[in-house]
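Colleague: When you get a sec, could you give me coordinates for this:
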Amino acid sequence: MNLQQLRYLNEVVRRGLNISEAAAALYTSQPGISKQIKLLEEELGIEIFVRNGKRIVALTGPGKTILDIAQRILHESDNLKQVGQEYRGQDSGHLILATTHTQARYVLPQVVKQFIKRYPKVKLGLHQGNPTQIAEQVLNREADVAIASESIMLFDGLVSLPCYEWHHCVVVPPRHPLLEIKKLTLAKLAEYPIITYDHAFSGRSKIDEAFAAANIEPNITLTAIDADVIKTYVELGLGIGILAELAFIPERDRHLRKLEAAHLFKPTTTHLAVRKNEYLRGYTYDFIGLFAPHLTREVVAGAMRND
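Modeller: Down below sits the predicted model:
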């Protein structure tokens, strides 16, 4: 038994039991993977996969247990490598962040600037997606840290920590009738076409919940995956926008006006997540501290131990 066999097993399962895709991902051959998995089964004396002819179609009961153990072994193997890298080169390495457009565009720039100044030898990468994609990237070791809304708390393989709360706001073109209203109501918003986030993004559920609780049907005519697109179409006069307040910058968004809406929609909490039982490099702890100062190394390490 060796780590390579365990990697082959794990990748075949990750690729939906498609050996060809697993071989391509691991830069090896399909027969090579099949042979190594067969050798592993022979050594253990059990079948890991249910087969239909030469094609594997499912994990056996024992196979599921073996996969779980194999994943833990591979995880700890990666942690050992991280320890070696930590002490071999404490100020160099890679850090991949998986986050949403709103975080990448409006929250992270100053944090990234500080981090790069402190760790010029660390290669930093930004992957963007919706919260589900972001969480999966971290779980699949395609990224190291996830930053998104509360929904990443739903993934069992992650330790999720709250960073800060934010509210939605309403944006409209200059001289829009809503600017004359002293205090916005959901009923007033529903009188106009609404442009807001796709269901997978930036607290959209809080918007839907507010209208549903008031028994009001909003006229949502257009959805988008980021705030910049929403603002663009509001500027064109296609509707009013509901977006994250932090995505409105007065000096940049001079062709729009912001209306407070914190009283209409519940706040959303941005969370940061890492893999459970992960060995974090020192610079990863420092990045987390730059992003959310209350998340000290002790707090993060404690959360990972207690999860």
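Colleague: switch to C-alpha atoms for all contacts and neighbour counts from now on
Modeller: Will do.
Colleague: where do the helices sit along the stretch 201-307 of the chain?
Modeller: For the stretch 201-307 of the chain, the helices defined by DSSP state H, counting those that start in this stretch occupy 204-213, 227-235, 282-291, 297-306.
Colleague: and these, which one's lowest on average pLDDT?
Modeller: Of all the helices of the stretch 201-307 of the chain, helix 297-306 carries the lowest average pLDDT, namely a mean of 88.
Colleague: Which secondary structure elements does it sit against?
Modeller: Under the contact definition 3 or more CA pairs under 8 Å, 6 or more residues apart in numbering; DSSP states H and E, helix 297-306 sits against strand 158-166, helix 282-291.
Colleague: Kindly reformat these as JSON lines and extend each row with distance to L26.
Modeller: Formatted as JSON lines, these follow (distance: least, CA to CA, whole Å):
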{"stretch": "strand 158-166", "distance to L26": "25"}
{"stretch": "helix 282-291", "distance to L26": "27"}
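Colleague: Surely H127 touches L97?
Modeller: Yes. H127 lies in contact with L97 (CA atoms under 8 Å); the separation is 6.0 Å.
Colleague: neighbour-wise, which of these two wins?
Modeller: More crowded of H127 and L97, by other CA atoms under 10 Å: L97, with 21 against 17.
Colleague: Retrieve the pLDDT associated with that one.
Modeller: pLDDT recorded at L97 is 97.
Colleague: from the helices of the stretch 201-307 of the chain, which stretch is densest packed?
Modeller: Ranked by mean neighbour count under mean count of other CA atoms under 10 Å, these are led by helix 227-235, which reaches a mean of 20.
Colleague: Identify the residues contacting it?
Modeller: 101-102, 171-173, 195-197, 223-224, 239-241, 243-244, 247, 255-256 (CA atoms under 8 Å, 6 or more residues apart in numbering).
Colleague: Which ones among those lie within strands?
Modeller: When the contacts of helix 227-235 are checked against strands (DSSP state E), the matches are V171, V172, I195, T196, Y197, T223, A224, I240, G241, L243, A244.
Colleague: Touching, the third one and P218? I think so.
Modeller: No. With contacts defined as CA under 8 Å, I195 does not count as touching P218, sitting 10.3 Å away.
Colleague: re earlier: just the buried residues out of the ones in strands among the contacts of helix 227-235, in ChimeraX syntax.
Modeller: Selection of buried members from the ones in strands among the contacts of helix 227-235 for ChimeraX, criterion 16 or more other CA atoms under 10 Å:
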select :171,172,195,196,197,224,240,241,243,244
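Colleague: from the ones in strands among the contacts of helix 227-235, which is closest to R55?
Modeller: Of all those, R55 sits closest to A224, with 41.0 Å by CA to CA.
Colleague: And E260, what's its pLDDT?
Modeller: If you check E260, the pLDDT there is 95.
Colleague: Now for M304: which residues touch it?
Modeller: Listed by CA under 8 Å, 6+ apart, the contact partners of M304 are V159, K276, N277.
Colleague: ok, 10 Å please
Modeller: L158, V159, S160, L161, V274, R275, K276, N277, E278, Y279, E298 (CA atoms under 10 Å, 6 or more residues apart in numbering).
Colleague: Please apply the same query to C163.
Modeller: Residues in contact with C163 (CA under 10 Å, 6+ apart) are 147-149, 269-272, 288, 291-295.
Colleague: Mind jotting down where the strands sit in the stretch 51-200 of the chain?
Modeller: 55-59, 92-99, 121-128, 145-148, 158-166, 168-172, 194-197 (DSSP state E, counting those that start in this stretch).
Colleague: Out of the ones you listed, which is closest to T284?
Modeller: Nearest to T284, of all the strands of the stretch 51-200 of the chain, is strand 92-99, at 7.2 Å by CA to CA.
Colleague: CA atoms of the closest one as CSV?
Modeller: Output in CSV follows, covering the C-alpha atoms of strand 92-99 (Å, rounded to 0.1, in the frame of the first residue of the first chain):
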residue,chain,number,x,y,z
SER,A,92,7.6,32.2,1.0
GLY,A,93,5.0,29.9,-0.4
HIS,A,94,1.5,30.1,-1.9
LEU,A,95,-1.9,31.3,-0.6
ILE,A,96,-5.0,30.9,-2.7
LEU,A,97,-8.1,32.8,-1.6
ALA,A,98,-11.6,31.7,-2.9
THR,A,99,-14.1,34.5,-2.6
